[in-house]
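> fold the following.
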Amino acid sequence: MKYLAFALVMLPTIGAAETKVDLNTIAQQGDACRMTFTVETDTRLSALETQTVLFDGAGAVRMLTVFDFGAIPANRLRVRQFDMPQTPCSDVALVLFNGVERCETADGVACDVTPVFSSRVDAVEVKQ
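Presented below is the predicted three-dimensional model:
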C-alpha cells in the first residue's frame with residue numbers, strides 16, 4: 001500500500017491584510033477644518049489614496065478631494081492630517097470615502113482588500 005504525504009503550507013496573501021482608517025479628531029485651524037486620521041495595516045503599504053467627499057448637515061456636497069495617506073508601515077499606528085480650506089468644521093456632518101484611488105503594497109502589488117473606515121468624532125459620520 002502506498003501512502004501519500006501532503007504538507008499544508010500557509011503562504012501569506014499579499015495585500016489581503018486589513019487596513020483601518022479612523023477619523024480621530026477635527027479642529028478649526030483659521031478658515032480650514034483640520035481632519036486628523038489614524039491608519040493601521042497588517043501589510044506595509046507604499047501608497048494609499050482615497051477619493052473623499054465631505055457633506056454638510058443638509059446632505060449637500062461641500063467638497064470632493066483626494067486624501068493621500070502616503071506610505072503606511074505594517075503593524076504601526078500612523079497619523080495623517082488634512083486641512084480643508086474655507087471649511088468650518090461645524091459644516092462637516094459626513095465624510096464619504098467614495099473609492100480607493102490607489103492602494104499598493106510595498107512590493108508594488110495592488111491591495112485586494114478595501115480599507116475599513118470609521119469615526120471617533122460624534123458629530124461626523126463616516127461611510128464607505
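> residues in contact with the residue sitting nearest the centre point of the chain?
The chain has V21 as the residue nearest its centroid, 3.8 Å off, counting by Cα atoms, centre = their mean. Applying Cβ atoms under 8 Å, 6 or more residues apart in numbering, one finds that V21 lies in contact with F37, T38, V39, L48, T50, F69, F97, P115, V116, F117, S118. Backbone N, C-alpha and C define where each C-beta goes, glycine included.
> run through the bridge partners of the fourth one.
Right, the one you point to is L48. For L48, the residues forming beta bridges with it (DSSP bridges) are C103.
> burial check on it, number of neighbours?
24 (other Cβ atoms under 10 Å).
> cool, the third one as well?
Other residues lying near V39 total 21 when counted by other Cβ under 10 Å.
> from memory it sits against A71, does it?
No - taking contacts as Cβ atoms under 8 Å, V39 lies outside contact range of A71: 10.3 Å.
> the residue nearest to the centre of the chain: what secondary structure?
strand (DSSP: H, G, I helix; E, B strand; the rest coil).
> for it, give me the pLDDT.
If you check V21, the pLDDT there is 97.
> how much space separates it from T114?
Counting by Cβ to Cβ, to the nearest Å, the separation of V21 from T114 is 10 Å.
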